[in-house]
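Colleague: Structure for this input, please:
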Amino acid sequence: MAELCKVAFLPVANGTRLVTADALFARLMINLSPFAFELPTVYLPFVKILKDLGLQDMLTLSAAKGLLLHLQKACGYQRLNPNELRAVMEILNFICDQIVEGNTLDGSNWKSEAIVPDDGCRLVHSGSCVYVDSYGSRYVKCIDTSRIRFVHADLPERVCVMLGIKKLSDIVIEVARFQETFPICCYLTFVYIRLLIIVMFLFGLQELDENHALQTLGSLGSVLLVTLKQKLSSKSLQTAVWTVAKSMGSYIPAFNSFSLETIECLLISTAEKMQFVKCLKTKFLLLPNLVDVTRAGKDFTIPGWKNDSAHQTLYFLNQSRSCILVAEPPTYISLFDLIAIVVSQVLGSPIILPVGPLFGCPEGSEIAVVNVLKLCSDKKEVEPINGSSNMVGKEILPQDARLVQFHPLRPFYSGEIVAWRSQQGEKLKYGRVWEDVRPSAGQALYRIKIEVAQGNTQFFLSSQVFSFRSVSASSPLKETLVHDSLLLSSSMPNVDFPESSERGESHSQVYPLELVTNYQYHVA
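Modeller: Have a look, this model is predicted:
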């Protein structure tokens, strides 16, 4: 009996896989194929013996954790295919839901050993990754990302927070390069200046850099700093900004809790901290060792700027909002647009609020400008359809193209992520199998219903649909084909490729894409 527990002999997923009994659950509320499956009804008479072989009643938190750890060992450092990635996402969402519901006492312990997919679809420890938060998203194009490992972009932020994954803005900081900050710096010796650098950095303030002088200005173009500060402190502007922010509540939930008093305090603080400067250069440091990860190049140099190895910018806010600098923009960039960006960041908005025109209009006319320009939006977000994959309809990634395999007589199971194309020469796209389907006996080709876009399904010949090779073949889950090898070998060149990765073995035939077209015409 112990040896039989290790043997994958139970067909599941419409006959596409053989699994061990411990990969089956009597009741499974989420789709975990190709790693775990709900017990098919045909096995109900054998529940007692299957329980002795490892059949589980339902998915528990400990079982989900164990499944992820096992997959990480089985897959090693290879990329997951789309079906495997979706299953891992389901497991992580299930784990977080269980922790939120209070069904665990060791949530903190799980954080130190959690397994998540990185941006290359490889399973890694969560402590080695960071996720891109709304504030840190502004840094992505400005830093050398090769020094940082990111979690997969499709992993929800709530899961990242629950698992204790660090934010990008927590490990990368932007600091301003300048020589003089306070008048006292004029008479400090070099030693005291360096000491001030350390103290200011520890308190979250900007860094001093003696290689670049900061020239403060009283005005930029025709806009006086004093006038702008008065504008930011005016009640009419604050009310208009609050009106625009509240209308964005469906897109930015944090704005729903904003009161007018909160907006007033933030804008008054902005007025107090804001300074105009002639030129501004910043750099990005990777914590905790303060490694410079700044990426500067021609893509960050706009017309009118000198080519410089340093990263030049038009505005700067440190994370504590104790320093707000706005540099002189070129003539083709509006100063009020820069102020709108600064105010949006102070309010914590992940997008730029359309409040630029409010800073140049006459006092007291701000609400009228909001109404005339129709700056408020009452549109509600459209919720995604449950059960649909955000991959569906997109062109397949290069990493998944290497996993594509051609089995025109292979059965497919409902919900399986596949690749499809409607005619020769088109690029492969992701699709989702709508229902269980298999060919009839002696049938050369058959039709498959595929979801090609959200809520849109089409029928394809099986020769136009491609499955993905499993990278977890060394686990007890084995992918198999049902009675198609003989038929395939009689119609196609005898080209054999291993179904599994290098870690496992399989005897199924896999054919390269360049042979697919010839086979289609041969059958037709």
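
Colleague: Next, please give the residue ranges for the helices of the stretch 301-450 of the chain.
Modeller: Taking DSSP state H, counting those that start in this stretch as the criterion, the stretch 301-450 of the chain carries its helices at 335-346, 366-372, 398-401.

Colleague: Kindly check the end-to-end length of stretch 217-234 for me.
Modeller: The separation between the terminal residues of stretch 217-234, taken as C-alpha to C-alpha, to the nearest Å, is 22 Å.

Colleague: er, stretch 122-133 I mean
Modeller: First-to-last distance for stretch 122-133 - C-alpha to C-alpha - comes to 21 Å.

Colleague: hmm, back to that, looking at the helices of the stretch 301-450 of the chain, which is buried most?
Modeller: For the helices of the stretch 301-450 of the chain, the largest average neighbour count (mean count of other C-beta atoms under 10 Å) is found in helix 335-346, namely a mean of 20. In short, each C-beta sits where N, CA and C put it, glycine included.

Colleague: Touching that one from outside, list them.
Modeller: The set of residues external to helix 335-346 that reach it, using C-beta atoms under 8 Å, 6 or more residues apart in numbering, is 135, 220-221, 223, 228, 232, 241, 266-267, 269-270, 274, 314-315, 317, 321, 324, 326, 329, 351-357, 359-360.

Colleague: How far away from the center of its chain is that helix?
Modeller: 26 Å (C-alpha atoms, centre = their mean, to the nearest Å).

Colleague: Select from the contacts of helix 335-346 every entry located in strands.
Modeller: The strands, defined by DSSP state E, take in 220, 223, 274, 315, 317, 324, 326 from the contacts of helix 335-346.

Colleague: so how far is residue 310 from the last one?
Modeller: So the one you mean is residue 326. In this structure, residue 326 and residue 310 are 18 Å apart, going by C-beta to C-beta, to the nearest Å.

Colleague: before we move on, back to that, could you export the helices of the stretch 301-450 of the chain as TSV, including distance to residue 303?
Modeller: Shown next, in TSV, are those (distance: least, C-beta to C-beta, whole Å):
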stretch	distance to residue 303
helix 335-346	16
helix 366-372	30
helix 398-401	35
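
Colleague: looking at these, which is closest to residue 16?
Modeller: Each of the helices of the stretch 301-450 of the chain was scored for nearness to residue 16 using C-beta to C-beta, and the closest is helix 398-401 (18.0 Å).

Colleague: thinking again about what came up before, nearest to residue 154, of the ones in strands among the contacts of helix 335-346?
Modeller: Nearest to residue 154 among the ones in strands among the contacts of helix 335-346 is residue 317, at 29.5 Å by C-beta to C-beta.

Colleague: Buried only: go through the contacts of helix 335-346 for me.
Modeller: The neighbour-count test (16 or more other C-beta atoms under 10 Å) marks 135, 220, 223, 228, 232, 241, 266-267, 270, 274, 314-315, 317, 324, 326, 329, 353-357, 359 as buried among the contacts of helix 335-346.

Colleague: related to what we said a few turns ago, any chance of TSV for the ones in strands among the contacts of helix 335-346, columns distance to residue 236?
Modeller: Written out in TSV, the entries for those read as follows (distance: C-beta to C-beta, whole Å):
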residue	distance to residue 236
220	23
223	18
274	19
315	24
317	24
324	22
326	22
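
Colleague: Just the buried residues of stretch 67-74, please?
Modeller: In terms of neighbour count (16+ other C-beta under 10 Å), stretch 67-74 has its buried residues at 67-68, 71-72, 74.
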